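> 3D, please:
(chains A and B)
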There are 2 protein chains.
Amino acid sequence: MSQENLTISVDAMGGDNSPKVVIEGLALAHQRNPKIRFLVYGDRAKVDAEMAKFPALKDACEIFHTEEFVHNEDKPSHVIRNRATSMFQAIEAVKQGKAQAVVSAGNTGALMAISKLVLKTIQKIHRPAIISIMPHESGRYVMLDLGANTECDGINLAEFALMGSIYAKCVLNIENPRVALMNIGAEEMKGKNEIHVAAHIIKSAHLNLNFIGYIEPHEFPLNKADVVVADGFSGNIALKAIEGTAKLIMHLLKNSIKQSVLAKLGVLFMLGSMKKLKKTMDPRLYNGAMLVGLNGLSVKSHGGADALGFSVAVENAAKLVEKDFVGALRRELENVDLDEISQEAYYEVY
Amino acid sequence: MSQENLTISVDAMGGDNSPKVVIEGLALAHQRNPKIRFLVYGDRAKVDAEMAKFPALKDACEIFHTEEFVHNEDKPSHVIRNRATSMFQAIEAVKQGKAQAVVSAGNTGALMAISKLVLKTIQKIHRPAIISIMPHESGRYVMLDLGANTECDGINLAEFALMGSIYAKCVLNIENPRVALMNIGAEEMKGKNEIHVAAHIIKSAHLNLNFIGYIEPHEFPLNKADVVVADGFSGNIALKAIEGTAKLIMHLLKNSIKQSVLAKLGVLFMLGSMKKLKKTMDPRLYNGAMLVGLNGLSVKSHGGADALGFSVAVENAAKLVEKDFVGALRRELENVDLDEISQEAYYEVY
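Next up, the predicted model:
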């Protein structure tokens, strides 16, 4: 895909403090990657007012006025009926081929529901999944599904493995990503049957991926796998446990320092080192969860992300467009019939 | 239950570096709580050699020689057939009423299998669960099931809630523990159906517990709940994600300090504060996972625990005996029929 055609549609009205943060984020992304063109959907007056601060960005943008936008408390069943919102219009632009990816910091449930409705699942993929980038001790890995599917069977997990592998190639630039299924033990028969079925499918389908077996969550930070595959319930549990623990320890560290004058003095000497740690764990650098498995790219920026965070989400979307994630996934699926293989795997396990 | 009758049976041969660590752990526990009597099962010559270092402990112990012991790689199906092991004998002592609790640092699967076989599940409890104590920002909470049951239905979770509540009363000394079901959202219909069924059962059974609804893992550290209830798969996932993340951050912190002379100097000023943090997160202070729901107490010390860790597991077991955990659970169950209530809840949700 030629880079002249790198166009991203943007829901300017999603997230806290929009459209200010969104436009500032686009300005940052534009600075670093001037080739990206943006289709910006939202309240024209408000968008124009913010855009006025960034003349260079303006030339890379086309603004489309929408009267309406999705609210945080809107139910998915409600938002899918209103095509007039900035979110719906931005997603529609991807369907119509005007853009190759959409980025929104709005309501997650709404973005997922409209994206699925409008872009539809890629042929041969049963369910889309939410994927995101996570830090490990010496780099990054990706994890999916982070909550799109509460219940998953073996074939869903096998498809997630394939999508995660291609995603890691595109975004993390890893040649042959190590793919693992999340489980509660390393032995073959530990954990849930659907995980065993998924392992069977992956092994017997000769998918173009480097499957390394099971991984337990305490091993995630140890640079053992580049792609962690889970059902949406336990994937979401793991994600939130990781987030909560990281916050807890930073909180305890701050608290224990506060209680001692000596420690406060010590911190002054440590500011440089602390900055490095903070940077490694900075959630803004991991912003941009994506719904993979659709005919087009739909990226969710965190609702509370700042301009840097939003720009990271935009740049990840751009990387996936440049590397043609969707096309690569379609090509991988061309010559496999996972449905047939999953029947065999099912009988092997049950 | 009178404290004169506080007897704990001990598998001296389980865990790394046994029986040395076990006997040292008993010595520590004995120092702090001289009322506990110990029945010690293992290789008499080796146990005697270690015991010789602690004359005061010796008077509190009765040693029973066993020729055999359970190995780390032994399969549960194998160990339940061999009554001659130190682990089996120690558990048998609880069944025979010679001790009220058993502590072992051996093979977890073996301890669970033999404990279930010998002690049997309490009447009206469908499945035992593994429970442990965890740190939050200003104290401690308990979480179960941590891996005994890969699949759980609503009634299992409701029973875990009851057992967790009584456990928190006994071990954490909390009058009216706040009990929450782990889920991936706070809204009533988020997550899995079995969780909704469990919530229905808990509310309509008028169990003697303070049910506060759902909790997500990033809220665990925020002192919102004293008891977190989960199925054994996702509970184990959450536990290992928490452990892995805590280790990752401490590792990153150390690494970033190592790279700077200034930071190393700063650490000198911070040693006191760091010690506090380290103490809060010290896994030894949370040692002793328990299998609850059996006719007797079975406590698993971490295989790699040192003497302090082992002594904490012993002391937690002693607290549960003193507070009569098993009796309290039986009394709570006397007047409820969860099977009947779960039928109704099932129809409400499905």
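
> what's the distance between A:K75 and chain B?
Applying C-beta to the nearest C-beta, to the nearest Å, one obtains 11 Å for the distance of A:K75 from chain B. Bear in mind the C-beta positions are built from the backbone N, C-alpha and C, glycine included.

> that residue: how many residues sit nearby?
When neighbours are counted by other C-beta atoms under 10 Å in any protein chain shown, A:K75 registers 11.

> how close does it sit to A:G147?
Separation of A:K75 from A:G147 (C-beta to C-beta, to the nearest Å): 17 Å.

> where do the helices of the stretch 101-250 of chain A begin and end?
Under the criterion DSSP state H, counting those that start in this stretch, the stretch 101-250 of chain A contains helices at A:108-119, A:154-172, A:193-204, A:232-258.

> so where do the strands sit in the stretch 51-200 of chain A?
Under the criterion DSSP state E, counting those that start in this stretch, the stretch 51-200 of chain A carries strands at the ranges A:61-65, A:101-104, A:129-136, A:139-144, A:178-182.

> winner for burial among those?
When neighbours are counted by mean count of other C-beta atoms under 10 Å in any protein chain shown, the highest per-stretch mean among the strands of the stretch 51-200 of chain A falls to strand A:101-104, a mean of 30.

> not counting that one itself, show me its contacts.
By C-beta atoms under 8 Å, 6 or more residues apart in numbering or on different chains, the residues outside strand A:101-104 that reach it are A:8-11, A:14-15, A:87, A:90-91, A:93-94, A:111, A:115, A:288, A:296-301, A:310, A:313-314, A:317-318, A:320-321.

> in strands only, show me those residues.
Residues from the contacts of strand A:101-104 lying in strands, with DSSP state E as the criterion: A:8-11, A:297-300.

> residue in the stretch 51-200 of chain A nearest to chain B?
A:I184 (4.4 Å; C-beta to the nearest C-beta).

> show the contacting residues for that residue.
When contacts are counted by C-beta under 8 Å, 6+ apart, A:I184 is found next to A:190-191, A:216, B:147, B:150, B:232-233, B:236-237, B:240.

> how about a cut-off of 10 Å?
A:190-192, A:195, A:214, A:216-217, A:234, B:146-147, B:150, B:232-237, B:239-240 (C-beta atoms under 10 Å, 6 or more residues apart in numbering or on different chains).

> kindly write the PyMOL command that selects the buried subset of those residues.
Paste this into PyMOL to select the buried members of those, with burial taken from 16 or more other C-beta atoms under 10 Å in any protein chain shown:
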select buried, (chain A and resi 191+192+195+214+216+217+234) or (chain B and resi 146+147+150+232+233+234+235+236+237+239+240)
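
> the lowest-mean-pLDDT helix or strand in chain A: what's the following helix or strand?
In chain A, the helix or strand scored least confidently by mean pLDDT, DSSP states H and E is helix A:261-281, which has a mean of 73. Next along the chain after helix A:261-281, taking DSSP states H and E as the criterion, comes strand A:289-292.

> show me what that following strand is packed against.
With contacts defined as 3 or more C-beta pairs under 10 Å, 6 or more residues apart in numbering or on different chains; DSSP states H and E, the secondary structure elements packing on strand A:289-292 are strand A:101-104, helix A:108-119, strand A:129-136, strand A:139-144, helix A:154-172, strand A:297-300, helix A:307-322, helix A:325-334.

> recalculate using a threshold of 8 Å.
With contacts defined as 3 or more C-beta pairs under 8 Å, 6 or more residues apart in numbering or on different chains; DSSP states H and E, strand A:289-292 has these neighbours: helix A:108-119, strand A:129-136, helix A:154-172, strand A:297-300, helix A:307-322.

> A:R330 and A:I125 touch, don't they?
No. A:R330 is beyond contact range of A:I125, at 9.5 Å (criterion: C-beta atoms under 8 Å).

> poorly predicted segments of the stretch 51-200 of chain A, please.
Segments of the stretch 51-200 of chain A classed as low confidence (criterion: pLDDT under 70) are not present in this model.

> quick one: name the residues of it near chain B.
On the criterion C-beta under 8 Å from any C-beta of the partner chain, chain B has as its neighbours in the stretch 51-200 of chain A the residues A:135-137, A:147, A:150-151, A:182, A:184, A:191-192.

> alpha carbons only: can I get the least confident helix or strand of chain A in CSV?
Listed in CSV are the C-alpha atoms of helix A:261-281, where the atom choice follows Å, rounded to 0.1, in the frame of the first residue of the first chain:
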residue,chain,number,x,y,z
VAL,A,261,12.8,13.4,55.2
LEU,A,262,15.9,11.4,54.4
ALA,A,263,14.0,9.5,51.8
LYS,A,264,12.7,12.7,50.2
LEU,A,265,16.4,13.8,50.0
GLY,A,266,17.3,10.5,48.4
VAL,A,267,14.6,10.9,45.8
LEU,A,268,16.3,14.1,44.6
PHE,A,269,19.3,12.0,43.6
MET,A,270,17.1,9.4,42.0
LEU,A,271,14.9,11.7,39.8
GLY,A,272,16.7,10.7,36.7
SER,A,273,16.4,7.0,37.3
MET,A,274,12.8,7.3,38.4
LYS,A,275,12.0,9.1,35.2
LYS,A,276,13.2,6.1,33.2
LEU,A,277,11.0,3.8,35.3
LYS,A,278,8.1,6.1,34.9
LYS,A,279,8.7,6.2,31.1
THR,A,280,8.8,2.4,30.8
MET,A,281,5.5,2.2,32.7
